[in-house]
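Engineer: sequence-free structure coming up:
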């Protein structure tokens with residue numbers, strides 16, 4: 001797959017040093033790092049999956065990051081939401097996420113939206129983004145995120161985690177030629193998904209959130225730079241109890 005983002009003209013000297021281990025990585029290199037610097041990624045949620053994804057994207061050198069979350073930090077979040085600290089309790093998650101991003105990548109541009117995403121504001125919140133990452137935990141929000149990404153024709157990196165189990169994939173309504181479009185409705189036809197129980201009801205393994213959040217960030221890096229094979233049309237399913245991962249194909253209704 002071709003790189004999604006054109007490279008920036010240059011990196012400043014400090015960023016060249018900070019990201020030097022990417023510059024020697026096959027599939028990224030110095031040009032790929034400039035692509036990351038030019039990229040704009042919108043992340044829905046700064047919680048269990050969003051926190052590690054945001055930290056990994058910042059560390060990777062993504063130049064512009066939009067953080068969308070209307071929640072505040074609670075003590076129970078800190079078991080898995082690594083962007084936040086004890087001193088952040090009671091403050092907006094967008095605020096502590098911004099601080100964490102800039103602590104890793106001082107040159108990054110961070111846009112925060114401390115509002116609940118819905119069908120009315122989603123496209124506005126995603127304006128200018130090259131990729132959307134959805135780490136939300138309700139299907140109503142996931143539907144709104146997916147609808148906006150589909151309307152804009154941009155890739156949607158999607159993840160979900162519950163108890164010891166997690167899923168990750170990439171949806172894209174308008175992928176490059178030779179790739180079938182795959183959207184959320186191909187995995188969860190409208191009216192079939194139900195509503196998952198909350199973390200408060202069934203729990204979630206904090207380390208699994210870190211693992212899958214990093215995986216989502218890796219998919220973003222691959223899409224931006226053109227490296228590797230993204231999870232478009234493939235659903236990765238992770239079982240934290242058995243340390244096993246397997247995939248199932250997601251069939252595109254459009255190409256069927």
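Structural biologist: Looks like it arrived, so ask away. Remember, it's a predicted structure, so these values are computed and weren't measured experimentally.
Engineer: hey, where'd the helices end up in the stretch 51-200 of the chain?
Structural biologist: Assigned by DSSP state H, counting those that start in this stretch, the stretch 51-200 of the chain shows helices spanning 93-104, 122-125, 139-152, 184-187, 199-202.
Engineer: for the last one, what is the average pLDDT?
Structural biologist: Across helix 199-202, the average pLDDT comes to 80.
Engineer: Which positions in it come out as buried?
Structural biologist: Neighbour counts over helix 199-202 (16 or more other Cβ atoms under 10 Å) mark residue 199 as buried. Backbone N, C-alpha and C define where each C-beta goes, glycine included.
Engineer: Repeat that for stretch 74-91.
Structural biologist: For stretch 74-91, using 16+ other Cβ under 10 Å, the buried residues are 77-78, 80-84, 88.
Engineer: which among the residues you listed gets closest to residue 58?
Structural biologist: residue 83 (9.4 Å; Cβ to Cβ).
Engineer: And the closest one, how close does it get to residue 11?
Structural biologist: 24 Å (Cβ to Cβ, to the nearest Å).
Engineer: So for residue 165, which of the helices of the stretch 51-200 of the chain sits nearest?
Structural biologist: Nearest of these (Cβ to Cβ): helix 199-202, 10.3 Å.
Engineer: can you give me the strands for this protein?
Structural biologist: According to DSSP state E, the chain carries its strands in the segments 40-44, 64-68, 109-113, 131-134, 156-162, 165-171, 234-239, 244-249.
Engineer: Would you mind giving the helices of the stretch 51-200 of the chain as JSON lines with distance to residue 228 added?
Structural biologist: JSON lines is the format used below for these (distance: least, Cβ to Cβ, whole Å):
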{"stretch": "helix 93-104", "distance to residue 228": "23"}
{"stretch": "helix 122-125", "distance to residue 228": "28"}
{"stretch": "helix 139-152", "distance to residue 228": "21"}
{"stretch": "helix 184-187", "distance to residue 228": "21"}
{"stretch": "helix 199-202", "distance to residue 228": "31"}
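Engineer: rank those by pLDDT, which is bottom?
Structural biologist: Lowest mean pLDDT within the helices of the stretch 51-200 of the chain: helix 199-202, at a mean of 80.
Engineer: packing partners for it?
Structural biologist: If contacts are counted by 3 or more Cβ pairs under 8 Å, 6 or more residues apart in numbering; DSSP states H and E, helix 199-202 sits against no helix or strand.
Engineer: what's the offset of it from the middle of its chain?
Structural biologist: 22 Å (Cα atoms, centre = their mean, to the nearest Å).
Engineer: List of residues touching it?
Structural biologist: 48, 76, 137, 162-163 (Cβ atoms under 8 Å, 6 or more residues apart in numbering).
Engineer: Over to stretch 121-131?
Structural biologist: Under Cβ under 8 Å, 6+ apart, the answer for stretch 121-131 is 4-5, 39-42, 64, 66, 68, 113, 115, 117, 132, 144-145, 147-149, 151-152, 154-157, 220, 223-224.
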